[in-house]
Structure formats: structure tokens, C-alpha cells
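Colleague: Using only what follows, build the 3D model:
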Amino acid sequence: MIGTLHDWELDDEAYKVRLGLSLMGLPHARVAVDVLPGREPESLAFRARNPLARLPLWEEPGGITLRDPQAILARLAFRHDPARRFWSDDPAQADWLFFAAREMWAAREARQAALFGGPALHAAAARAALRLLEEHMADRSRDWLLGAMPGIADIALFPAFQLSRDWGCEHEEFPRLRRWARRLRAQPGFTRMPGMPDHG
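Modeller: This next block holds a predicted model:
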């Protein structure tokens, strides 16, 4: 086991890490976290491990702890996948990982509001971020964000698009992202998040 993922199956950020681990075929342990109804991330015990009080949380032997899914994916691809199949030396990889963490956070917020209640404040920003991603795929005429193979940037951005129907975003306006998502779903080791449709 290379490490332990503290996880909730319905958390889209934790799903990024599960998807990366599965696609890379990396052995790991998982600890289920009671988010609902238990609100375990807000407990003192969990906050001692992650003061941010959210998932995912990744721990490795030797006291290594990571809390950001993009950072976890980068470590998995660079340090634990000997072939580095999902790692890119393209400097734009860091840019896309940052895009997943910042611009695509709006998609997470829009989904949270739609599923659990709250004002729909982020849907417009989330849709705008998806349009930027669609335009990038159109300009590059590529199957993947970077290069000829899927990478951690694709993994980090996939859940935001695939789950966007949860907050009312129809996929018909994103034909290139639909094809991109189908290609990723066809990769060996792909795993779905519970409730995620198996189509684009």
C-alpha cells in the first residue's frame, strides 16, 4: 500500500483521487469518512489531520500528508507510477491543475447548492469555465488536454464536467468535452462515482 485515502464516495474532489489511483493501478487503503449525516470532517479528530475540514485527505508512511486533490494526483503520477503514464513535462500541466482547483471550484459549489440546498450563485461561472475548456479542446484538435495520452489534468477536470448535469448544465453545448469524457471513461481502470451517469 502506497498510502491511505480518507474518502467519502459522494465527494467529487475525493473522486478525483480515487479515479487517479484506479487508472494508475496503485494499491492503497481507503478510510470512509462520515460526511453526511455525521459531519466527521468538522470533528476535532479530523481537523487535527486536516485543518481545512474537507476531503480528500491523503496520508503516506513517513508523515506525508496532502489535502489538495491536484497535489495528490501530481504526487501519485510523479512518484508512484514508474512509467509516469499520466505525468506530463509540459509546463501547461500546472496551469490546468490550477484551473481545476480555482475556476472549476465554481462547478463544485453549483453542484453542492443544487444537491444540498443553497443559492445558485456559481452556475454562470461554472458554465463559463466549461466553455473555456471546450474552446481549448477545439483549438488544439486533440483527444486530451496535453499531448497524445490522458494525464492528471484530464483526471482533475473530468468530474466537474461529468457531474455538471446535477446543477442543470446540459452537455449538448459541449460536443468536444462529451467526446473527451467518453475517451476517459473508456480507459482501463476507469471507475465511476456513485450516481454518475455512464454516458456523456
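Colleague: which outside residues touch the host helix or strand of Lys16?
Modeller: Assigned by DSSP states H and E, Lys16 belongs to helix 12-24. Residues outside helix 12-24 that contact it (CB atoms under 8 Å, 6 or more residues apart in numbering): 5-9, 28, 30, 54-56, 58, 69-70, 72-73, 76-77, 80-81, 85-86, 100, 108, 111, 150, 152, 155-156, 158-160, 163, 187-191, 193. Bear in mind the C-beta positions are built from the backbone N, C-alpha and C, glycine included.
Colleague: If you count neighbours, what's buried in stretch 73-91?
Modeller: Residues Leu73, Ala74, Arg75, Leu76, Ala77, His80, Asp81, Phe86, Trp87, Ser88 are the ones in stretch 73-91 that count as buried (16 or more other CB atoms under 10 Å).
Colleague: what distance separates the helix holding Lys16 from the middle of the whole chain?
Modeller: From the chain centre to the centre of helix 12-24 is a distance of 7 Å (CA atoms, centre = their mean, to the nearest Å).
Colleague: neighbouring strands for the helix or strand that that helix is followed by, and are they parallel or not?
Modeller: Per DSSP H and E, the first helix or strand lying C-terminal to helix 12-24 is strand 29-32. Counting by DSSP bridges, the strands paired with strand 29-32 are strand 4-7 (parallel).
Colleague: Please enumerate residues in contact with the partner strand?
Modeller: By CB under 8 Å, 6+ apart, strand 4-7 touches 14, 17-18, 21, 28-33, 46, 49-50, 55-60.
Colleague: which of the residues you listed are buried?
Modeller: Here, 16+ other CB under 10 Å leaves 14, 17-18, 21, 28, 33, 46, 50, 55-60 buried among those.
Colleague: So which of the residues you listed is the closest to Ala94?
Modeller: Comparing the buried ones among the contacts of strand 4-7 against Ala94 with CB to CB places Val17 closest, at 17.9 Å.
Colleague: Okay, the closest one and Leu73: tell me how far apart.
Modeller: Separation of Val17 from Leu73 (CB to CB, to the nearest Å): 7 Å.
Colleague: would you list the buried residues of stretch 73-91 in TSV and tack on pLDDT and secondary structure?
Modeller: As requested, the buried residues of stretch 73-91 are exported to TSV (pLDDT from 0 to 100; DSSP: H, G, I helix; E, B strand; the rest coil):
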residue	pLDDT	secondary structure
Leu73	98	helix
Ala74	98	helix
Arg75	98	helix
Leu76	98	helix
Ala77	98	helix
His80	97	helix
Asp81	94	coil
Phe86	97	coil
Trp87	97	coil
Ser88	95	coil
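Colleague: Let me know how buried the closest residue to Val35 other than its chain neighbours is, in neighbour terms.
Modeller: Nearest residue to Val35 in three dimensions, chain neighbours excluded: Trp8, at 4.4 Å (CB to CB, 6 or more residues apart in numbering). Other residues near Trp8 number 20, with proximity taken as other CB atoms under 10 Å.
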